[in-house]
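Participant: Let me see the structure of the following:
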Amino acid sequence: QVRLVESGGGLVQPGGSLRLSCRASGFPFSNYAMGWYRQPPGKERELVAHISGTGDMLHHAESVKGRFTISRDNAKNTVYLQMNSLKPEDTAMYYCKRLAADSALTYWGQGTQVTVAS
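Facilitator: Predicted coordinates for the structure are as follows:
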């Protein structure tokens, strides 16, 4: 079955860095675009970044441009989110998502918590 397992979250000081990983299994990974979303406490879930199946097309939300970078390694069935210059407002649960035009084929991971605080 489809599985998306995020890891790499934690507590980090402002200005610090983290790299999130999302390991996929149960489907042909390179056939799907993947995305990272986040949900700050008390707020709606929002898109952070997405990447095409081949990795050649990227999109980052304005709020993270220049600080976060999405990438993928299809040989390892893994998508990454490198987060630099972290700010307290980046504090959120971060989710990996398999993207698809048909919403019935989308799939969420369980999330990993990122907390930015001094």
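Participant: per-residue pLDDT, the residue lying closest to Phe68 once chain neighbours are set aside?
Facilitator: Using CB to CB, 6 or more residues apart in numbering and skipping the chain neighbours, the partner closest in space to Phe68 is Met83 (5.0 Å). For every residue, glycine as well, the C-beta is placed using N, CA and C. On pLDDT, Met83 comes in at 98.
Participant: Compute the number of surrounding residues for Met83.
Facilitator: 25 (other CB atoms under 10 Å).
Participant: so what's Gly26 closest to, chain neighbours aside?
Facilitator: That would be Val2: by CB to CB, 6+ apart, it lies 4.3 Å from Gly26.
Participant: Dig out what Leu11 forms beta bridges with.
Facilitator: Note on Leu11: beta-bridge partners by DSSP bridges are Thr115.
Participant: Now do the contacts for it.
Facilitator: Applying CB atoms under 8 Å, 6 or more residues apart in numbering, one finds that Leu11 lies in contact with Thr115, Val116, Ala117.
Participant: Most neighbours of all those residues, which one?
Facilitator: Result: Val116 is most packed of the contacts of Leu11 (other CB under 10 Å), 19 neighbours.
Participant: quick one: that residue from Ala100, how far?
Facilitator: For Val116, the distance to Ala100 equals 31 Å [CB to CB, to the nearest Å].
Participant: what do you get for Leu86?
Facilitator: Distance, Leu86 to Ala100, using CB to CB: 30 Å.
Participant: Those two - which one has more neighbours?
Facilitator: Using other CB under 10 Å as the criterion, Leu86 and Ala100 rank with Leu86 on top: 22 against 13.
Participant: excluding its backbone neighbours, what's nearest the more buried one?
Facilitator: With sequence-adjacent residues excluded and distances taken as CB to CB, 6+ apart, Leu86 is closest to Val116, at 4.6 Å.
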